[in-house]
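J.: can you look at this prediction? I've put the sequence above it.
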Amino acid sequence: MPDSTGYPPFRLGESRFDQGFFYGRLRHFLDVIDPRTLLVSENRLRECMKLLDQFKYGTLPAGVTNAQLWEAQKVKQAIIHPDTGEKIPMPFRMSGFVPFGTPVVVGLLLPNQTLASTIFWQWLNQSHNACVNYCNRNATKVHPTPMSTFFRGYLGAVSSAVTIAVGLNILIKRAENFSPSTRILIQRFIPFPAVASANVCNVLLMRHTELSEGISVLDDRGNVVGTSKLAARHALTETALTRVVLPMPILLLPPIVMAMLERLPMLQKHPRLVLPVHSMVCLCAFGLALPVAISLFPQNSQIHVSELEPEISAATECKILTYNKGL
């Protein structure tokens, strides 16, 4: 039962929201991506880690509430990688994805892009995505991912994004049936297919060693049963799908909204306001898209042993195993 603070009893390493339902996952990830965690000091992080250790070893001081424990775990989950135990650099945390990524989204959606600007913004976007994917990957593999894999994924994602974006731009410019206004409107939607395909490429290339080496699967007591390549395939498929859904609201809604807002007399009279308004629209779309996309699947997903390798099934009596799909 919840205590006087309204919080349920604390469970170390678990979410206080039901992860079996989308709404519960959405509330969980709204906690995880809270940008206020970017302002947490080193001292505050140490206090949170100490409090969680005290709970783990049964040495909690008197008077510590469930609310304090859940808040401490929220801070740790936002900053510390669950597998490596290392701090995630601020720009590449999920809580930093919106504030650090919004300027890039604004750049991707600027009208009248030149060839150079298209290449620059696609490169910058995939550079940021590559670092986010790497820093939030599943790191339970026996052998750490070499940096050469990171660079191959990075180069592959950038190449695919730039090729698709530039190719579509060239096709639109050569199309003779479109009016100049229609051509500009269509060009605003070009970033979506470029970014979506590059995002999938980014995930698959940067994390392909999980497919060859497998990821850890755990029983209902949290014990590692073995390493499964089939679980890794599920993890990458789920992550790739979130990367396709993520840019949909970000890259499709702002062009529609801005096409309507730019007709307003105020913006026509004061064109300098277009960029600030555009930035706010992108920020709102980004803030909506991120928690929705990463909530499509639980971070710690479950899978039946019948879907895994025979040696995994033989190693445990537990029928439902868990794996961390990464973010």
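T.: Yep, it's here.
J.: hang on, Thr322 in a strand?
T.: Yes. Membership of Thr322 in a strand is supported by DSSP: H, G, I helix; E, B strand; the rest coil.
J.: any idea how far Arg221 is from it?
T.: For Thr322, the distance to Arg221 (Cβ to Cβ, to the nearest Å) stands at 10 Å. Every C-beta, even on glycine, is put in place using the N, C-alpha and C of the backbone.
J.: and those two? which has more neighbours close in?
T.: Just comparing Thr322 and Arg221: by other Cβ atoms under 10 Å the higher neighbour count belongs to Thr322, 18 against 6.
J.: which residue packs closest to the more buried one, ignoring adjacent ones?
T.: For Thr322, ignoring the flanking residues on the chain, the nearest one in space by Cβ to Cβ, 6 or more residues apart in numbering is Leu218 at 4.8 Å.
J.: Lys229 now?
T.: Gly214 (4.3 Å).
J.: mind checking how far Phe10 is from Ala285?
T.: To Ala285, Phe10 is 35 Å away according to Cβ to Cβ.
J.: oops, could you answer that again for Gly153 instead?
T.: With Cβ to Cβ as the criterion, Gly153 and Ala285 are 26 Å apart.
J.: cool, Leu38 as well?
T.: With Cβ to Cβ as the criterion, Leu38 and Ala285 are 20 Å apart.
J.: just to revisit the earlier point, report how many residues lie close to the residue nearest to Lys229.
T.: Per other Cβ under 10 Å, the neighbour tally for Gly214 reads 23.
J.: returning to that earlier point: tell me the bridge partners for the residue nearest to Thr322.
T.: Val224, Thr322 (DSSP bridges).
J.: contacts only, for it.
T.: Shown in contact with Leu218 (Cβ atoms under 8 Å, 6 or more residues apart in numbering): Val224, Val225, Leu321, Thr322, Tyr323.
J.: what of Ile119?
T.: Val162, Ala165, Val166.
J.: so who does the first one touch?
T.: It refers to Val162. Val162 sits next to Thr118, Ile119, Gln122, Trp123, Ala194 when contact means Cβ under 8 Å, 6+ apart.
J.: quick one: which of those sit in helices?
T.: Of the positions in these, Thr118, Ile119, Gln122, Trp123, Ala194 sit in helices, assigned by DSSP state H.
J.: quick one: the helices in the chain?
T.: Going by DSSP H, the chain shows helices at 22-32, 42-56, 66-79, 97-108, 115-135, 147-174, 180-189, 191-206, 208-213, 229-245, 247-261, 265-269, 274-294, 310-314.
J.: so for Pro91, which of those sits nearest?
T.: When the helices of the chain are compared by Cβ to Cβ, helix 97-108 sits nearest Pro91, at 4.6 Å.
J.: residues contacting Leu69?
T.: Leu69 touches Phe10, Leu51, Leu52, Phe55, counting by Cβ under 8 Å, 6+ apart.
J.: meant to ask about Arg44
T.: Neighbouring residues of Arg44 by Cβ under 8 Å, 6+ apart: Val75.
J.: roughly how far does it sit from Val162?
T.: 41 Å.
J.: do Val106 as well
T.: Where Val162 is concerned, Val106 sits at a distance of 19 Å (Cβ to Cβ).
J.: shaky segments in the protein?
T.: Applying pLDDT under 70 to the chain flags residues 1-5, 138-146, 149, 172-173, 175-191, 327.
J.: and with 50 instead?
T.: Along the chain, segments meeting pLDDT under 50 span 1.
J.: ok, Cys48 - how many residues close by?
T.: That count, for Cys48 with other Cβ under 10 Å as the rule, works out to 22.
J.: is it true that it touches Ile80?
T.: No. Judged on Cβ atoms under 8 Å, Cys48 makes no contact with Ile80 at a distance of 9.4 Å.
J.: thinking again about what came up before, with neighbour numbers in mind, choose between Phe10 and Ala285.
T.: Per other Cβ under 10 Å, whichever of Phe10 and Ala285 has more neighbours is Ala285, with 23 against 20.
J.: who's in contact with the more buried one?
T.: Val105, Pro249, Ile250, Leu253, Pro254 are the contacts of Ala285 under Cβ under 8 Å, 6+ apart.
J.: before we move on, the earlier item: out of the contacts of Leu218, which is nearest to Leu205?
T.: Tyr323 (20.5 Å).
J.: quick check: the gap between the closest one and Thr209.
T.: 15 Å.
J.: so between these two, which is more surrounded?
T.: Taking other Cβ under 10 Å, Tyr323 and Thr209 do not tie; Tyr323 has more neighbours (24 against 16).
J.: mind listing what the nearest residue to that one once chain neighbours are set aside touches?
T.: Nearest residue to Tyr323, sequence neighbours excluded (Cβ to Cβ, 6+ apart): Ala231, at 4.5 Å. Going by Cβ under 8 Å, 6+ apart, Ala231 touches Gly214, Ile215, Val217, Ile303, Leu308, Leu321, Tyr323.
J.: could you redo the last one with a cut-off of 10 Å?
T.: Remark: with contacts taken as Cβ atoms under 10 Å, 6 or more residues apart in numbering, Ala231 is in contact with 138, 210, 214-217, 301, 303, 307-309, 312, 321-325.
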